[in-house]
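Q: no sequence on this one, just coordinates:
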C-alpha cells in the first residue's frame with residue numbers, strides 16, 4: 001500500500017517569537033491540528049487527495065487566525081477580496097478564483113470551477129455569477145470582520161502602503177493557507193487560499209490562485225502550495241520551478257524545494273516558503289523566513305505541528 005500523507009501551511013513569516021504569546025501559539029497549533037486531522041481523516045478512509053486538501057483548507061478558511069476565508073484582511077476600500085486554487089495531479093485538472101467576496105470557502109468555489117466548468121480560472125464579477133449559479137451563499141460583511149485585521153487596516157488606510165499580514169516587514173506573516181496530499185492510490189493534489197494584502201488596491205492578485213506560481217500538482221513530480229511575497233513567487237514561477245527541477249534535473253523532492261526556497265527566490269528578492277509532497281508520500285516544508293505555520297501527518301506514523309525553525 002502506498003504511503004499516504006498530508007502537509008498544510010497557514011502562512012510563512014510569522015510573528016517574531018518574542019511577540020507570540022503562549023496563548024496565541026496554542027490557538028495556532030490547535031487550528032493547525034484541526035485542519036491537519038480534517039484532511040488526514042479523508043486519506044485514512046481511502047478518500048482522494050483532492051478531497052483531503054479541500055477539507056484541510058476549508059478548516060483554515062473557517063478560522064479567524066489565518067488570512068483566508070473568515071480571517072481575510074481588509075482592502076483599501078475596507079472590503080475583502082479573496083483568491084484560491086486547487087489542482088489534481090492525476091489528470092492536471094485545476095480550478096482557480098480571484099477577486100471574489102462574500103464566499104465563506106473560496107477553495108470550494110475553485111473546486112467547482114475545476115469540476116463543474118470547462119474553465120480553469122474565473123475572476124471578479126464573473127466568478128461571483130458562477131458562485132451564485134452553483135448555489136453558494138453570499139455571506140454578509142460582518143462574517144469576515146475581525147478586530148485585529150481591522151486595526152491593521154486602520155493603521156495604514158490613508159497611506160500608499162500595503163502589507164502582507166502583520167504590521168512590520170520583520171514581524172510579518174504572509175497570509176496564505178494551503179495543503180498538499182498524497183492518497184492511498186499515489187495521486188497527489190494541492191490547494192491554496194488567501195485574503196491577499198491589507199490595504200491592497202487596483203484589484204491586486206498574488207501567486208495563490210495562479211497555477212504554476214503559487215499552486216501546482218502533477219503525479220510525475222510533486223504537489224506544491226506556496227506562501228510568501230506573491231509578486232516574487234509569480235516572477236519565479238515557484239511551484240512549477242520545483243516540479244521542473246525534479247523532472248529535468250533529477251533532483252529529489254527535498255533538494256528541489258530547498259533549491260527554490262533557499263536560493264532561487266532569494267536571488268530575486270523574494271521570501272517565504274512552500275509545502276510539497278510527491279507520489280511516494282514524501283514531504284518537504286522549506287521556508288527562508290522566521291517561521292512558517294505548518295503541520296504534516298503520514299501513514300508511516302510521522303506527525304509534526306510547528307511554527308518556528
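A: Yep, it's here. All of these numbers come straight from a predicted model, not from anything done at the bench.

Q: quick one: the helices in the chain?
A: Along the chain, counting by DSSP state H, helices occupy 22-44, 49-61, 106-116, 124-133, 147-156, 230-235, 238-249, 253-259, 265-267.

Q: So which bits of the helix or strand of the chain with the lowest mean pLDDT are buried?
A: Lowest mean confidence among the helices and strands of the chain (mean pLDDT, DSSP states H and E): helix 147-156, at a mean of 74. Across helix 147-156, burial judged by 16 or more other CB atoms under 10 Å covers 149, 152, 153, 156. Bear in mind the C-beta positions are built from the backbone N, C-alpha and C, glycine included.

Q: The second one against residue 75, yeah?
A: What it means is residue 152. No: Residue 152 is beyond contact range of residue 75, at 11.7 Å (criterion: CB atoms under 8 Å).

Q: returning to what we had before: make CSV from the buried residues of helix 147-156 and add distance to residue 294 to it.
A: Below are these laid out as CSV (distance: CB to CB, whole Å):
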residue, distance to residue 294
149, 22
152, 23
153, 27
156, 28
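
Q: okay but residue 71 is in contact with residue 82, surely?
A: No: the criterion here is CB under 8 Å, and residue 71 misses it with residue 82 at 10.4 Å.

Q: shouldn't residue 39 be in contact with residue 50?
A: No: checked against CB under 8 Å, the pair residue 39 and residue 50 is beyond contact range at 10.8 Å.

Q: When those two are compared, which one has more neighbours?
A: residue 39 (30 against 26; other CB atoms under 10 Å).

Q: can you tell me how far residue 70 sits from residue 141?
A: 12 Å (CB to CB, to the nearest Å).

Q: of the two, who's got more company?
A: More crowded of residue 70 and residue 141, by other CB under 10 Å: residue 70, with 22 against 11.

Q: What residues of stretch 63-74 count as buried?
A: Buried residues in stretch 63-74 (16+ other CB under 10 Å): 63, 64, 65, 66, 67, 68, 69, 70, 71, 72, 73, 74.

Q: OK, contacts around the spatially closest residue to residue 254 that is not a sequence neighbour?
A: Distance criterion CB to CB, 6 or more residues apart in numbering; nearest residue to residue 254, sequence neighbours excluded, is residue 284 at 4.6 Å. Residue 284 sits next to 253, 254, 257, 258, 274, 275, 276, 277 when contact means CB atoms under 8 Å, 6 or more residues apart in numbering.

Q: which of those residues tops the neighbour count?
A: residue 274 (34 neighbours).

Q: which non-adjacent residue is nearest it?
A: residue 226 is the one closest to residue 274 (CB to CB, 6+ apart), at 4.5 Å.

Q: So that neighbour is in contact with residue 180, correct?
A: No: with contact defined as CB under 8 Å, residue 226 does not count as touching residue 180 (10.4 Å).

Q: Report the rounded mean pLDDT for stretch 210-217.
A: For stretch 210-217, mean pLDDT is 98.

Q: Likewise for stretch 186-201?
A: 88.

Q: Next: stretch 3-23.
A: Rounded mean pLDDT across stretch 3-23 is 85.

Q: now do stretch 296-304
A: So the average pLDDT for stretch 296-304 ends up being 97.

Q: Contacts made by it with the rest, please.
A: Taking CB under 8 Å, 6+ apart as the rule, stretch 296-304 contacts 1, 3-8, 36-37, 40, 43-44, 275, 281, 283, 285, 294-295.

Q: tell me the contacts of the residue lying closest to residue 216 once chain neighbours are set aside?
A: Distances taken as CB to CB, 6+ apart put residue 239 closest to residue 216, at 3.7 Å, once the chain neighbours are dropped. For residue 239, the contact set (CB under 8 Å, 6+ apart) comprises 190, 211, 212, 213, 214, 215, 216, 224, 225, 226, 233, 274.

Q: want to try a markdown table for those, with distance to residue 289 as columns?
A: Supplementary listing: the contacts of residue 239 in a markdown table, determined by distance: CB to CB, whole Å:
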| residue | distance to residue 289 |
| --- | --- |
| 190 | 20 |
| 211 | 24 |
| 212 | 22 |
| 213 | 18 |
| 214 | 16 |
| 215 | 19 |
| 216 | 21 |
| 224 | 17 |
| 225 | 15 |
| 226 | 12 |
| 233 | 13 |
| 274 | 11 |
